[in-house]
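Visitor: Kindly return the folded structure for what I paste below:
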Amino acid sequence: MEAIKRTKVVDVLKSEAFGTTVNVKGWVRTRRGSKQVSFIALNDGSTINNVQIVVDVDKLGEEFLKPITTGASISVNGTLVQSQGKGQSVEIQATEIEIYGSADPNVYPLQKKGHSMEFLREIAHLRPRTNTFGAVFRIRHNMAYAIHKFFHDRGFFYFHTPLITASDCEGAGQMFQVTTMNLYDLKKDENGSIIYDNDFFGKQASLTVSGQLEGELAATALGQIYTFGPTFRAENSNTPRHLAEFWMIEPEVAFNDILDNMQLAEEFIKYCVQWALDNCMDDVKFLNDMFDKGLIERLQGVLKDDFVCLSYTEGIKILEEAVANGHTFEFPVYWGVDLASEHERFLVEEHFKRPVILTDYPKEIKAFYMKQNEDGKTVRAMDVLFPKIGEIIGGSEREADYDKLLNRINELGIPMKDMWWYLDTRRFGTVPHSGFGLGFERLLLFVTGMTNIRDVIPFPRTPKNADF
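Guide: Next up is the predicted model:
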């Protein structure tokens, strides 16, 4: 077969170099046709759209074409011509085909029919070849790129926080332990506690649940930083919104108060949504048409209005009024409750009909590092609530006062041996500072319209599932 430089399908479909010879390589989506002519839909992953290959059966031979079935991979040389059919502007009239790999139609699971999401999770090694997951993972790449671009363009520094940590600031029950010890022969002291002296780090170590605390250290030196990396939660949560391994973006900014923080969060998330509409429209439109007819409208809706800023106390009043007027929630509503997703979605989808930033939560339901308000009851927290998702961003102004922070750490019984370095930032040149965390997969749920978080990450890690 004559060596011609390969052109990606995404570029071939935009080309107007009719009459020239091109080479495309990819996987066969379908082959149909008659005894005289075969039509091959070819896709190489560069776009949701296939290029049509027109084959003269007599020229290449019926026997030669037999292995070219759904899933087979081929290389095609041919002439680029204007398409006669609907749905595409160009097609390729094949002159030479090389078959790289066949895919037995009796065994290859991705035949041309609808597959359930549950079935596709069982074959996560093949599901990126489907239209749906090709679209999702191209959008995932674009969102990651947009995030880096957003922060880089605003002078933030990308800061790498550790994945293995010895500080247990979020509660040990939700952390995965990291050890090199023989689990069948653990040495324990007289109280039955495990002795970690001979372990790799000489003490108990875990996978991180957040890079925030280390991010704060960096912000109080570099001014404004963001983290973007995997985080781990050992929660036994089998829900469509939870993963044991997921990616998190955490900006942290010195000299920002809660209002600056809210503004950054809104600007950031609108930028990401706009990026998807500007750069992923083919994939977004496919997901809109196939899965979620309101997707594009919802994405545009988020950009249209300013987010509503509302205190937790006002939010509770609205929810209590809704209950008084006959609305039923599965979980009770009262001041002091940690809002459930149904409460958050009611405020966004039914009451305000746009995203909401909820602030000033009761300190009892929020983390120890959040700045306390003068009322002694609430903290300067902020959660950004989105349609269909509920909470998509959680953040706060951080407590900059050494004594207040120390008191809160003692109140909650957090071991001092884990916190001395964190407290040092409040001893040496403390400053007001704020930040937030965005679960990357939650953002992807919103942008793709997918309903299960397992379907926006290539290989989901959930309770009892670590396949592939």
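Visitor: Give me the neighbour count for the residue nearest to Glu364 when sequence neighbours are not counted.
Guide: Of all residues not flanking Glu364 in the chain, Gly336 sits nearest, at 6.7 Å (C-beta to C-beta, 6 or more residues apart in numbering). In short, each C-beta sits where N, CA and C put it, glycine included. Number of residues near Gly336 (other C-beta atoms under 10 Å) recorded here: 11.
Visitor: same check, this time on Arg354
Guide: 16.
Visitor: Quick check, it in contact with Asp305.
Guide: Yes: using C-beta atoms under 8 Å, Arg354 is in contact with Asp305, at 4.7 Å.
Visitor: Does the one helix or strand Ala276 maps to pack against any helices or strands, and if so which?
Guide: Assigned by DSSP states H and E, Ala276 belongs to helix 258-279. Contacts defined by 3 or more C-beta pairs under 8 Å, 6 or more residues apart in numbering; DSSP states H and E place helix 258-279 against helix 131-153, strand 245-254, helix 295-304, strand 356-362, strand 378-386, strand 390-397, strand 433-439, helix 440-448.
Visitor: what does the fifth one contact?
Guide: This means strand 378-386. 257-258, 261-262, 265-266, 269, 302, 307, 312-313, 344-345, 347-348, 355-363, 366, 370-373, 391-397, 436, 446 (C-beta atoms under 8 Å, 6 or more residues apart in numbering).
Visitor: buried subset of those?
Guide: If you count burial by 16 or more other C-beta atoms under 10 Å, the buried members of the contacts of strand 378-386 come out as 258, 261-262, 265-266, 269, 302, 307, 312-313, 344-345, 347-348, 355-363, 366, 370-373, 391-397, 436, 446.
Visitor: now for the host helix or strand of Asp289, which elements pack on it?
Guide: Using DSSP H and E, Asp289 maps to helix 281-290. Helices and strands touching helix 281-290, by 3+ C-beta pairs under 8 Å, 6+ apart, are helix 131-153, helix 295-304, helix 440-448.
Visitor: Could you single out the most deeply buried of those?
Guide: helix 440-448 (a mean of 24; mean count of other C-beta atoms under 10 Å).
Visitor: could you list every residue that touches Leu222?
Guide: By C-beta under 8 Å, 6+ apart, the neighbours of Leu222 are 157, 159.
Visitor: Which residue, other than its chain neighbours, is closest to Phe436?
Guide: Counting by C-beta to C-beta, 6+ apart, Phe436 lies nearest to Gly395, which is 2.4 Å off, once chain neighbours are set aside.
Visitor: Quick check, pLDDT for Ser167.
Guide: Confidence at Ser167, expressed as pLDDT, is 71.
Visitor: helix/strand/coil for it?
Guide: Classification of Ser167 by DSSP: H, G, I helix; E, B strand; the rest coil places it in coil.
Visitor: just Tyr196 next, same as before
Guide: coil.
Visitor: I'd say it and Gly202 touch.
Guide: Yes: at 6.5 Å, Tyr196 counts as touching Gly202 under the criterion of C-beta under 8 Å.
Visitor: In terms of neighbours, single out the busier of the two.
Guide: It is Tyr196, of Tyr196 and Gly202, that has more neighbours when counted by other C-beta under 10 Å, with 17 against 10.
Visitor: For that one, which residues are in contact?
Guide: Residues in contact with Tyr196 (C-beta under 8 Å, 6+ apart) are 181, 202-204.
Visitor: go on, Thr239?
Guide: Contacts for Thr239 (C-beta under 8 Å, 6+ apart) come out as none.
Visitor: Surely it is in a strand?
Guide: No: counting by three-state DSSP, Thr239 is located in no strand; its state is coil.
Visitor: confidence score at it?
Guide: 85.
Visitor: how much space between it and Phe459?
Guide: The spacing between Thr239 and Phe459, counted by C-beta to C-beta, to the nearest Å, is 18 Å.
Visitor: Can I take it that Met181 is in a strand?
Guide: No: the assignment for Met181, made by three-state DSSP, is coil rather than a strand.
Visitor: Which residues are in contact with the closest residue to Phe228 other than its chain neighbours?
Guide: Spatial nearest neighbour of Phe228, excluding adjacent residues (C-beta to C-beta, 6+ apart): Ile249 at 4.9 Å. Shown in contact with Ile249 (C-beta under 8 Å, 6+ apart): 147, 226-228, 437-438, 440.
Visitor: which regions of the stretch 101-250 of the chain lie under the pLDDT threshold?
Guide: Along the stretch 101-250 of the chain, the model assigns pLDDT under 70 to residues 168-173.
Visitor: One more pass at 50, please.
Guide: Scanning the stretch 101-250 of the chain with the threshold set as pLDDT under 50 gives 170-172.
Visitor: now the stretch 351-468 of the chain
Guide: For the stretch 351-468 of the chain, no stretch is flagged by pLDDT under 50.
Visitor: Just say helix, strand or coil for Ser38.
Guide: Here Ser38 is recorded as strand under three-state DSSP.
Visitor: That one - how many residues pack around it?
Guide: Quick note: Ser38 (other C-beta under 10 Å) scores 19 neighbours.
Visitor: Ala17 too?
Guide: Neighbour count for Ala17, taken as other C-beta under 10 Å: 11.
Visitor: same question, Asn238
Guide: Counted by other C-beta under 10 Å, the residues lying close to Asn238 total 10.
Visitor: Look up phi and psi at it.
Guide: Phi and psi for Asn238, reported as degrees, to the nearest 10, are phi -90, psi 70.
Visitor: which residues does it contact?
Guide: Contacts of Asn238 (C-beta under 8 Å, 6+ apart): 462-463.
Visitor: So which of the contacts of Ile249 is surrounded by the most neighbours?
Guide: Tyr226 (26 neighbours).
Visitor: Remind me what the helix or strand where that one lies packs against, helices and strands.
Guide: Using DSSP H and E, Tyr226 sits within strand 224-232. Using 3+ C-beta pairs under 8 Å, 6+ apart, the elements in contact with strand 224-232 are helix 131-153, strand 157-158, helix 212-222, strand 245-254.
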